[in-house]
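>>> Here is my input, please return the structure:
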Amino acid sequence: MSQAQTHAFQTEVKQLLRLMIHSLYSNPEVFLRELISNASDACDKLRFEALADDGLYEDDKDLRVRVTFDSEAKTVTIDDNGIGMNHEEVVEHIGTIAHSGTKAFLEQLEAGKKQDLQQIGQFGVGFYSAFIVADHVELTTRRAGVGAEHGVRWTSSGEGEYTIETVDKPERGTRIVLHLREDQQEFADDFRLRSVIRKYSDHINFPVQMWVAPKTEKDDEGNETEIPGRWETVNDANALWTRPKSEITDEEYTEFYKHVSHDWEPPLTWAHNQVEGKVEYTSLLYVPKRAPFDLFEPEQSHGVKLYVKRVFIMDDADKLMPRYLRFVRGVIDSADLPLNVSREILQSNRVLDTIRSGSVKRVLSLLEKMAKNEAEKYAEFWQTFGRVLKEGVGEDAANKEKIAGLLRFASTKGEGDEETVSLADYIERMPEGQDEIYYIIADSYQAALASPHLEIFRKKGIEVLLLSDRVDEWVMAHLTEFEGKTLKSVTKAKIDVDEEEEDESEEEKQEHEALIKRLKDTLGEEVKDVRRSRRLVESPACLVTDEGDVSLHLQRILEQAGQAMPESKPILEINPDHRLLKQAEGEADEARFADIAHVLYGQAMLAEGGKLGDSADFVSRLNRLLA
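Numbers count the residues shown, from 1 in each chain. Now for the predicted structure:
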């Protein structure tokens, strides 16, 4: 045995433990579900690694989880004979939380006082749930395949430090001893533990056992029979996804979801399918209600587990689901993949391609069904995962039309940014003669709604979609058509809204052309062109871009991302009927005209959410005009 060493927890772990220990939970019994779930995962991983090295079983192939208690010592013990951990793995998995974005999320969690189980459940760190009921936790583990002298003991009271030492552990696997808090000692009870196991862990694919003490029974004639103590399996111990759907209750589906996802909330919906034919597989796929905290982190992992003939192969099998469906959780069990399949083999496996294609269609159909029959539930889904689903328009050409039908947008016909419309709904209420779906992209919903580009559309009662997510520019670059209708940005130069040309005298035309030339000469290289606008009703000017040019909004996004911006200058469109333009037409002082021209351009740039090249110059010109 080595000398015990004391270490401080990672800052993020301290924050999490503080939330666990000092927050009140209405359902503390979930600690047992989480710890049994982790033990089950350890058995799964041993069975997979033993495919390549049978010696890891150490002459004990009966994988199981055991739960015991000591009512006098007030302890509960969870013991598994799974893969176990070495010293480095204990430090990595228990001393730290290796999730990108964790620190920022926890700070936000504490700042918002949202100290609830649902928020914490987004981490998938089930081990720490032990501190909901325990004021001292002792974990002893040994990795399969190494000697008994390589055992590791980890202990902590959850107050910021943990102690770790090397110990002898003859059996592989992990044993966790929970010293129960004064107010949680109800769990040191046989009936209480059995009821929790049956409630939450009946679907675990390995036996969850509890000890039945020896006893003496008398027969009808008074003869006594000694019945020895034994381990009794409490759970059903069958893979839930292999059972017929008709035999599985919604409660069982929900508890299995919590097992595979480590989420604390029930899922939004799910699909369970057994596929037969050239490729045979079973899928049980869930759409969560709440987004994981790292949904938009680059290193965010996928949530589908791969099994082959009920043998666990790998977590986070990213080849099973595309990135835009990374929120999906569940399992896929194949009968046609080899048991020794690796991530490298998965990269070019036709069987997996078939499974992936079928599973993607299944999820999209599930969402279509929800959108059609459960509008409120789909609105909840869209609010949570809409930004992620949008990515599929550019990533999945085969399903682009199906994904486009699932998209939802704010609109000028709505009451706010939470009231959304589908593209199909937009087309259905298009007036006769309109052949294009109009949209605008801005930095926010309010900026889009206030854009001067919408003035002529409002006047003629034409609906415009209001987009404000950062991903929208990329999405609309790929989504150019839907059901035969072209999608068109209202900020592009040529917009045909069937506006009749107003009759102008030759003198008025010449005046406008003269004004346009003066503005063009004055603004010079700042603009690509100056034109009369047919889209402005109330505003004096706006900026547009040509069809093939990069939009002003995308230019800003590229600049903020530090990417090289393609050379593209805006076009200034003016409303000659506006009194500021009429004033400019009659301005004889060229210096004052220059101030008017630059202020009009600056105002138009600000209205687009853009940044002024020289804000001090803009203020000076504005002050001169005001004076």
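>>> Distance-wise, check the closest residue in space to T6 that isn't next to it in sequence relative to L536.
Nearest non-adjacent residue to T6, counting by C-beta to C-beta, 6 or more residues apart in numbering: T163, 5.0 Å away. Every residue, glycine included, has its C-beta placed from N, CA and C. Relative to L536, T163 is positioned 72 Å away (C-beta to C-beta, to the nearest Å).
>>> Likewise for S468?
Distance of S468 to L536, given as C-beta to C-beta: 22 Å.
>>> Which strands or helices does the host helix or strand of the residue nearest to T6 pack on?
Assigned by DSSP states H and E, T163 belongs to strand 161-167. Under the contact definition 3 or more C-beta pairs under 8 Å, 6 or more residues apart in numbering; DSSP states H and E, strand 161-167 sits against strand 5-8, helix 87-90, strand 151-156.
>>> change it to 6 Å
Applying 3 or more C-beta pairs under 6 Å, 6 or more residues apart in numbering; DSSP states H and E, one finds that strand 161-167 contacts strand 5-8, strand 151-156.
>>> Please report how far V65 lies from F127.
V65 sits 14 Å away from F127, going by C-beta to C-beta.
>>> Please say which of these two ends up with more neighbours.
Set V65 next to F127 and count neighbours by other C-beta atoms under 10 Å: V65 wins out with 30 against 16.
>>> give me every residue that touches the more buried one.
Neighbour list for V65: I36, A39, D80, F206, V208 [criterion: C-beta atoms under 6 Å, 6 or more residues apart in numbering].
>>> Spell out for me which residue occupies the centre of the protein.
The chain has L295 as the residue nearest its centroid, 3.3 Å off, counting by C-alpha atoms, centre = their mean.
>>> Just confirm it is within a strand.
No. L295 sits outside any strand when classified using DSSP: H, G, I helix; E, B strand; the rest coil, being coil.
>>> per-residue confidence at M1?
Predicted confidence (pLDDT) for M1: 59.
>>> actually E217, sorry about that
With respect to pLDDT, E217 has a value of 82.
>>> circling back to that earlier point, okay, now the sheet partners of the strand holding T163, with direction.
Sheet pairing of strand 161-167 (DSSP bridges) gives strand 5-8 (antiparallel), strand 151-156 (antiparallel).
>>> any idea of the mean pLDDT for it?
94.
>>> For that strand, buried residues please.
For strand 161-167, a neighbour-count test (16 or more other C-beta atoms under 10 Å) marks Y162, I164, E165, T166, V167 as buried.
>>> Next, count neighbours for A237.
Neighbours of A237 using other C-beta under 10 Å come to 17.
>>> so where does it fall, helix or strand?
A237 belongs to no helix or strand, assigned by DSSP H and E.
>>> That one and H203 touch, don't they?
No. The pair A237 / H203 is not scored as a contact, 8.8 Å apart, by C-beta atoms under 6 Å.
>>> Quick check: neighbours shared by the two?
Taking C-beta under 6 Å, 6+ apart as the contact criterion, A237 and H203 have no common neighbours.
>>> looking at the chain, which residue ends up farthest from its center?
Of all residues in the chain, E221 has its C-alpha farthest from the mean position, at 66.9 Å, by C-alpha atoms, centre = their mean.
>>> does it count as helix, strand or coil?
Here E221 is recorded as coil under three-state DSSP.
>>> and it, what does it touch?
Not one residue lies near E221 by C-beta under 6 Å, 6+ apart.
>>> now it: how far from F69?
Applying C-beta to C-beta, the value for E221 to F69 is 36 Å.
>>> go on, L536?
Distance from L536 to F69, counting by C-beta to C-beta: 77 Å.
>>> same thing with I456?
Per C-beta to C-beta, I456 is found 75 Å from F69.
>>> Flag the shaky bits of the stretch 101-250 of the chain, pLDDT-wise.
101-125 (pLDDT under 70).
>>> And for the stretch 351-500 of the chain?
Looking along the stretch 351-500 of the chain with the criterion set at pLDDT under 70, you get 493, 495-500.
>>> so S551 sits right up against T545, yeah?
Yes. Between S551 and T545 there is a contact under C-beta under 6 Å: 5.5 Å.
>>> possible to save the helices and strands packed on strand 161-167 as CSV with mean neighbour count and distance to K61?
Shown next, in CSV, are those (neighbours: other C-beta atoms under 10 Å; distance: least, C-beta to C-beta, whole Å):
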stretch, mean neighbour count, distance to K61
strand 5-8, 11, 35
strand 151-156, 22, 21
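>>> neighbours around S568, how many?
15.
>>> Tell me the pLDDT of it.
As predicted, S568 sits at a pLDDT of 76.
>>> check contacts around it.
With C-beta under 6 Å, 6+ apart, S568 has these contacts: D549, V550.
>>> give me that answer again for 8 Å
Listed by C-beta atoms under 8 Å, 6 or more residues apart in numbering, the contact partners of S568 are K528, T545, D549, V550, Q555.
>>> Report the secondary structure state of the nearest residue to L285 once chain neighbours are set aside.
Spatially, and ignoring its direct neighbours in sequence, L285 is nearest to G330 (4.1 Å; C-beta to C-beta, 6+ apart). Recorded secondary structure, G330: strand (three-state DSSP).
>>> Show me what G330 is bridged to.
Beta-bridge partners, per DSSP bridges, of G330: L285, V304.
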